[in-house]
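Q: below is the sequence, then the predicted model.
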Amino acid sequence: MLVLGIETSCDETGVALYDTCQGLLGHTLYSQVDMHREYGGVVPELASRDHIRRILPLIRQLFRQSDTSLESVDAIACTQGPGLAGALLTGASFSSALAFARNIPVLNIHHLEGHLLSPLLSDPAPDFPFVALLVSGGHTQLMRVDGIGQYRLLGETVDDAAGEAFDKTAKLLDLDYPGGKLLAELATQGRAEQFRLPRPMLNSNDLNFSFSGLKTAAALLIGKHEMNSQTRADIAFAFEDAVTDVLVKKSVTALNITGLPQLVVAGGVGANSRLRQKLLHHLSGTDITVFFPALEFCTDNGAMIALAGALRLQQLDERLRAGGSFTVKARWNLEDL
């Protein structure tokens, strides 16, 4: 069966086609980064309006590239939440209208479930069960994944998520938007051990995280020094080093507690090269395998939504519905699935 996936939870419009027999047939993505850059962050109303402008041309482009058509689509999967309410409504209303017109079903997909399952788009792909480190936007969580819809929270951030801390610290360093990616790039020019920042909750005897205090420590460090290009790079290095140390330590602890031999890393921060290097180094020589999604599937994208929809469709998921009526969930816990 062929599933059209539509993702509009924030500032990226993503569409994709996933076939339950052939796999991913194609995906297209439009990022609003340039539009939001002058404001220093995402403006929700502008994001919603731009999704309306982009979604239909992207779908037409997708059909051309994949040499298929709307008539071949058996179901539509759209992101129902969490995310920006207006942005979510754009995708949900479009999906519902399109499904109603074609008399095909709609699948409401949890945005974080899409990220969680995104490594399944790669080859090799993990088998269930596995531990997942989910570091996407405002979320930093460790999950035990036993199957589709079988997710158990092991630990999560008690304040700022890792991605939020990256973006806020980037602003303190006068970096442009999107700051997290630019901070990681700047950190490559930094000197190791020039500065050291705290590792919050590193030895808390649980699997929770906290990054708000680390951001404050970085702010205090910045205030103590006269900023030049090298000092800024050194602080960026120290910050990234602290965040990735915590993420690695907690992930390894989760693997030890569960006894599972597979770790999946998903979400935007999952693209961070230092995090990937540290995890691979730390787990080298063990029986544990680490799976990362391709870089193109770390950020928000339609492919992960199409995949999640196809897997749900194969289960005849209870969230399968006819087009026409719809709702969105700006806040939605993954464990509530």
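A: On my side now, so go ahead. Residues are numbered from 1 along each chain as shown.
Q: show me where the stretch 151-300 of the chain has its strands.
A: Per DSSP state E, counting those that start in this stretch, the stretch 151-300 of the chain carries strands over the ranges 262-266, 289-291.
Q: domains of the chain?
A: Following automatic domain parsing, one finds the domains of the chain at 2-116+299-336, 127-292.
Q: now render the strands of the stretch 151-300 of the chain as JSON lines, adding mean pLDDT and distance to residue 6.
A: (Glycine included, C-beta is placed from N, CA and C.) Below are those laid out as JSON lines (pLDDT from 0 to 100; distance: least, CB to CB, whole Å):
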{"stretch": "strand 262-266", "mean pLDDT": "97", "distance to residue 6": "19"}
{"stretch": "strand 289-291", "mean pLDDT": "96", "distance to residue 6": "25"}
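Q: wait, which of those is closest to residue 197?
A: Nearest to residue 197 among the strands of the stretch 151-300 of the chain is strand 262-266; the distance by CB to CB comes to 22.1 Å.
Q: pull the residues that contact that closest one.
A: Residues from elsewhere that reach strand 262-266, judged by CB atoms under 8 Å, 6 or more residues apart in numbering: 115-116, 118-119, 126-127, 129-136, 145, 251, 255, 275-276, 279, 283, 288-293, 298.
Q: buried among these? Make that a PyMOL selection.
A: Per 16 or more other CB atoms under 10 Å, the buried members of the contacts of strand 262-266 correspond to this PyMOL selection:
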select buried, resi 115+116+118+119+126+129+130+131+132+133+134+135+136+145+251+255+275+279+283+288+290+291+292+293+298
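Q: quick revisit: could you dump the strands of the stretch 151-300 of the chain into TSV with distance to residue 224 added?
A: Shown next, in TSV, are the strands of the stretch 151-300 of the chain (distance: least, CB to CB, whole Å):
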stretch	distance to residue 224
strand 262-266	34
strand 289-291	37
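Q: out of these, which comes closest to residue 245?
A: Residue 245 sits nearest to strand 262-266 of all the strands of the stretch 151-300 of the chain, at 15.0 Å, using CB to CB.
Q: ramachandran angles for the residue most central in space within the chain?
A: The centroid of the chain falls nearest to residue 267 when counting by CA atoms, centre = their mean (2.8 Å). Backbone torsions for residue 267, taken as degrees, to the nearest 10, come to phi 100, psi 170.
Q: so residue 278 sits right up against residue 245, yeah?
A: Yes: counting by CB atoms under 8 Å, residue 278 touches residue 245, with 7.4 Å between them.
Q: which residues are common contacts for those two?
A: Common contact partners of residue 278 and residue 245 (CB under 8 Å, 6+ apart): none.
Q: so which strand or helix has the residue lying closest to residue 148 once chain neighbours are set aside?
A: Nearest residue to residue 148, sequence neighbours excluded (CB to CB, 6 or more residues apart in numbering): residue 311, at 5.0 Å. Assessed by DSSP states H and E, residue 311 sits inside helix 302-314.
Q: what about that helix, average pLDDT?
A: Average pLDDT, helix 302-314: 95.
Q: so how far is that helix off the chain centroid?
A: Centroid separation for helix 302-314 versus its chain: 15 Å, with CA atoms, centre = their mean, to the nearest Å.
Q: one more: stretch 191-202?
A: Remark: stretch 191-202 is offset 25 Å from the chain centroid, using CA atoms, centre = their mean.
Q: what is the end-to-end distance of it?
A: Start-to-end span of stretch 191-202 (CA to CA, to the nearest Å) is 23 Å.
Q: give me the contact list for it.
A: Applying CB under 8 Å, 6+ apart, the contact partners of stretch 191-202 are 158, 208-211, 213-214, 217-218, 221, 230, 233-235, 237-239, 241-242, 245-246, 249.
Q: name only those of those that count as buried.
A: 208-211, 214, 217-218, 221, 233-235, 237-239, 241-242, 245-246, 249.
Q: tell me where the model's unsure across the protein.
A: Low-confidence segments of the chain (pLDDT under 70): 316-325.
Q: what's the longest helix in it?
A: For the chain, the longest helix by residue count, based on DSSP state H, is helix 229-258.
Q: what angle do that helix and strand 262-266 make?
A: Counting by axes from the mean of the first three to the mean of the last three CA atoms, to 10 degrees, helix 229-258 lies at 140 degrees to strand 262-266.
Q: list the helices and strands helix 229-258 packs on?
A: strand 130-136, strand 139-147, strand 150-156, helix 162-172, helix 179-187, helix 212-224, strand 262-266, helix 273-283 (3 or more CB pairs under 8 Å, 6 or more residues apart in numbering; DSSP states H and E).
Q: what about it, distance to the chain center?
A: Distance of helix 229-258 from the chain centroid (CA atoms, centre = their mean) equals 18 Å.
Q: also stretch 185-204?
A: Its chain's C-alpha centre and that of stretch 185-204 lie 23 Å apart, by CA atoms, centre = their mean.
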